[in-house]
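Asks: Got a predicted model here, sequence first, then my questions.
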Amino acid sequence: MLPLRDSSVDVIVSDLPFGQRCLSTHRLSLLVPLMMYECARVLREGSGRMVLLCGVYSGIVDSLMELNKASKEQQEQHQDEEERKKEDHHDVFQTPFDSVFPVNIGGLSAWIIIVRRGYGKVIAPKDAKKRTRQLFTMRERQHKHEQSALNKERLKKKK
C-alpha cells in the first residue's frame, strides 16, 4: 500500500514494466491488478488522471475494467431496486478511456493509456492478499538465488 491518503493525487504518470527485462509476464500479471487498485485508491475522484506507458495494454485495460465491475457489483448489493433505478452507477475509471494508442520507442512497440478517475468506490481485488504473498515469495526466492550466486563468486575470488 502506498503511503498516501485516499483521493489525494491529481495525476499519475508511469512507465510500467514491459515484462521483458525486469519482470516476467507471470509476475506482471500478479502485479498489475494490485497497482491499478492502488492508483485508483490514491487518485482524486472525478478529476484524477493517469497516463501509463506499457508493453501490452490488454492486462492493464482488463484490470481497470475489473475494478469498475467490482465497484458496480458492490453498489448493487447495497441498494434496493428503486435506488438502482434512480441512481446511475459511477465507474472507478471512466469509460470509454480517454486514449489507448500505440507508440514506437526505439524500435520497441509500446502503448500509451490515458484514463480518468470516476466517482466509483474502489474495491480491492478479491485475491489481493494471495497475489501479494505470491509476489513476496517470488522476490524472496530471487533474492536467495542472487545471494547464493554472490557467495559462489566470492569463494572463487578467494581461491
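Replies: Right, received. Where do you want to start? Only a predicted model underlies this, so the values are computations on that prediction, with no experimental measurement involved. Numbering: from 1, shown residues only.
Asks: For residue 53, give me its contacts.
Replies: When the contact criterion is CB atoms under 8 Å, 6 or more residues apart in numbering, the partners of residue 53 are 14-16, 103, 110-112. Glycine gets a C-beta too; all of them are placed from N, C-alpha and C.
Asks: got it, and residue 114?
Replies: So residue 114 contacts 49-52, 97-100 (CB under 8 Å, 6+ apart).
Asks: isn't there a helix covering residue 17?
Replies: No. Counting by DSSP: H, G, I helix; E, B strand; the rest coil, residue 17 is not found in a helix; it is coil.
Asks: Residue 68: how many residues sit nearby?
Replies: 20 (other CB atoms under 10 Å).
Asks: ok, the nearest residue to it once chain neighbours are set aside - how many residues close by?
Replies: Nearest residue to residue 68 in three dimensions, chain neighbours excluded: residue 91, at 4.5 Å (CB to CB, 6 or more residues apart in numbering). Around residue 91 there are 20 other residues, counting by other CB under 10 Å.
Asks: picking up where we left off before, sitting in strands, which of the contacts of residue 114 do you find?
Replies: Judged by DSSP state E, strands contain the following of the contacts of residue 114: 49-52, 99-100.
Asks: Show me which of these are buried.
Replies: Neighbour counting by 16 or more other CB atoms under 10 Å classes 49-50, 52, 100 among the ones in strands among the contacts of residue 114 as buried.
Asks: rewinding a little: now, the most widely separated pair of the contacts of residue 53?
Replies: Farthest-apart pair in those is 14 and 103; separation 14.6 Å (CB to CB).
Asks: Show me which of these two is the more surrounded one.
Replies: For residue 14 versus residue 103, neighbours defined as other CB under 10 Å are more numerous around residue 14 (13 against 10).
Asks: That one: what's it in contact with?
Replies: Applying CB under 8 Å, 6+ apart to residue 14 gives the contacts 50-53.
Asks: now, which of those sits nearest residue 121?
Replies: Among the contacts of residue 14, and counting by CB to CB, the member closest to residue 121 is residue 50, at 17.5 Å.
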